[in-house]
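>>> Sequence first, then the predicted structure, then my questions.
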Amino acid sequence: MLPAELDRLVGELGEPAYRTRQIFDWLYAKGVRDVREMTNISKILRQKLAEQTRITCLNLVKRQESATGEAVKFLFELPSGQRIESVLIVDGTRRTACLSSQVGCPLDCKFCATGRMGMIANLEAGQIVDQLLQVNHFARERGEQVTNVVMMGMGEPLLNYSAVLRALKLMRLKEGIGLGGRKITVSTAGYIPGIRRLMAEDLNAGLAISLNATTDEMREQLMPINRKYKIADLLAVAREFFACRGYGVTFEYVLMAGLTDTNADAQRLAELTRDIPCKINLIPYNETTDLRFRRPTRQRLEQFYQVLKGCNVEFTVRHSRGRDIDAACGQLYHQQKK
């Protein structure tokens with residue numbers, strides 16, 4: 001519930017305006033799960049809130065920590081019985097919550113474990129925010145705090161636009177969770193109508209586009225969305241994004257053995273992005289049991305990197321955390337209960 005909506009409810013209940021700040025603090029700063037825990041408001045108001053509202057709660061089914069301690073995976077169950085996964089990523093002083101936006105995903109990217117699930121359901125805004133609240137609660141128990149959010153978990157965020165937008169607005173509010181806009185990144189497989197809608201919002205969030213190939217032929221094999229939104233379209237919207245925001249997108253590029261890791265791919269990647277203000281994030285493929293795709297050898301990866309360096313391309317390599325617990329990029333998947 002956004003502050004303006006809570007203001008209206010508080011007014012309708014005949015309560016003073018300062019109650020909004022108190023309730024909001026309990027919900028989003030303290031992360032309470034039950035109105036009865038809101039001890040600085042009257043018992044009568046707590047009873048009214050219990051009757052007229054509900055606090056969205058996900059049931060934590062399981063939590064797994066990687067052997068290195070660099071990732072923690074959370075398995076949540078929705079009231080419907082469907083399940084989603086979220087990840088806390090530890091990187092130096094940064095604590096990043098990787099959140100899901102859907103149960104499954106409709107886009108059927110061939111190399112992604114979530115894509116195998118198909119589209120099952122959209123998450124509500126409260127269910128997206130509750131992932132963050134629970135992940136942050138775990139971090140706080142360890143004397144830490146979530147510093148960043150990436151919408152890179154299960155699902156295509158821009159195909160659940162209204163709920164994701166509402167969730168992001170809640171995350172940013174200084175009265176609650178208080179994440180700055182640039183601390184939030186939305187990742188997309190390249191749904192251009194959603195990108196343009198996001199550009200029009202007063203959010204200041206980062207945008208990551210999953211490119212993953214340098215030719216339309218290969219990208220269509222890997223990502224069916226490319227049949228409608230071609231690489232040239234993605235490059236054009238990346239330019240639009242910079243013109244609108246004043247900062248560039250991040251192109252994510254998954255390196256898959258024999259498919260996207262050749263020297264020719266590296267040269268084309270350099271050419272495609274040469275005149276676009278952007279970041280390039282290279283992701284060596286994270287293998288999953290049921291998919292045929294493989295991670296390139298260390299030698300092949302180094303050769304790819306050297307070609308990019310020779311083209312004066314700046315890039316980062318994502319050293320995926322949580323591979324041992326299937327919590328890394330492209331590995332989130334959960335068999336739904338029948």
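Structure's in. What do you need?

>>> Do I have it right that Ile84 meets Val61?
No: the pair Ile84 / Val61 is not scored as a contact, 10.0 Å apart, by CB atoms under 8 Å. Any C-beta I mention is one placed from the backbone N, CA and C, and that applies to glycine too.

>>> which neighbours do the two share?
Counting by CB atoms under 8 Å, 6 or more residues apart in numbering, the shared contacts of Ile84 and Val61 are Leu75, Phe76.

>>> More neighbours: which of these two?
Ile84 (29 against 12; other CB atoms under 10 Å).

>>> doesn't the more buried one fall inside a strand?
Yes: when the secondary structure is assigned by DSSP: H, G, I helix; E, B strand; the rest coil, Ile84 falls within a strand.

>>> Could you check how far it is from Glu70?
Using CB to CB, to the nearest Å, one gets 21 Å for the distance from Ile84 to Glu70.

>>> One more: Cys278?
Using CB to CB, Cys278 is found at 26 Å from Glu70.

>>> So which of these two has more stuff around it?
Cys278 (22 against 19).

>>> Which parts of the chain are helices?
For the chain, the helices defined by DSSP state H occupy 3-12, 18-24, 43-52, 125-141, 161-172, 192-199, 216-222, 231-245, 263-273, 298-310.

>>> Same list (the ones you listed) but as JSON lines, adding distance to Arg33 and mean pLDDT.
Putting the helices of the chain into JSON lines (distance: least, CB to CB, whole Å; pLDDT from 0 to 100) gives the following:
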{"stretch": "helix 3-12", "distance to Arg33": "17", "mean pLDDT": "89"}
{"stretch": "helix 18-24", "distance to Arg33": "14", "mean pLDDT": "90"}
{"stretch": "helix 43-52", "distance to Arg33": "12", "mean pLDDT": "91"}
{"stretch": "helix 125-141", "distance to Arg33": "9", "mean pLDDT": "94"}
{"stretch": "helix 161-172", "distance to Arg33": "16", "mean pLDDT": "95"}
{"stretch": "helix 192-199", "distance to Arg33": "31", "mean pLDDT": "98"}
{"stretch": "helix 216-222", "distance to Arg33": "41", "mean pLDDT": "98"}
{"stretch": "helix 231-245", "distance to Arg33": "36", "mean pLDDT": "98"}
{"stretch": "helix 263-273", "distance to Arg33": "45", "mean pLDDT": "98"}
{"stretch": "helix 298-310", "distance to Arg33": "44", "mean pLDDT": "98"}
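
>>> Would you mind giving these as JSON lines with mean neighbour count and distance to Gly92 added?
Output for those, formatted as JSON lines (neighbours: other CB atoms under 10 Å; distance: least, CB to CB, whole Å):
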{"stretch": "helix 3-12", "mean neighbour count": "14", "distance to Gly92": "33"}
{"stretch": "helix 18-24", "mean neighbour count": "18", "distance to Gly92": "31"}
{"stretch": "helix 43-52", "mean neighbour count": "14", "distance to Gly92": "40"}
{"stretch": "helix 125-141", "mean neighbour count": "21", "distance to Gly92": "14"}
{"stretch": "helix 161-172", "mean neighbour count": "20", "distance to Gly92": "22"}
{"stretch": "helix 192-199", "mean neighbour count": "17", "distance to Gly92": "28"}
{"stretch": "helix 216-222", "mean neighbour count": "16", "distance to Gly92": "32"}
{"stretch": "helix 231-245", "mean neighbour count": "17", "distance to Gly92": "26"}
{"stretch": "helix 263-273", "mean neighbour count": "18", "distance to Gly92": "27"}
{"stretch": "helix 298-310", "mean neighbour count": "15", "distance to Gly92": "22"}
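
>>> In TSV, list the ones you listed along with distance to Val186.
Converted to TSV, the helices of the chain look like this (distance: least, CB to CB, whole Å):
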stretch	distance to Val186
helix 3-12	22
helix 18-24	24
helix 43-52	32
helix 125-141	12
helix 161-172	7
helix 192-199	6
helix 216-222	20
helix 231-245	11
helix 263-273	19
helix 298-310	25
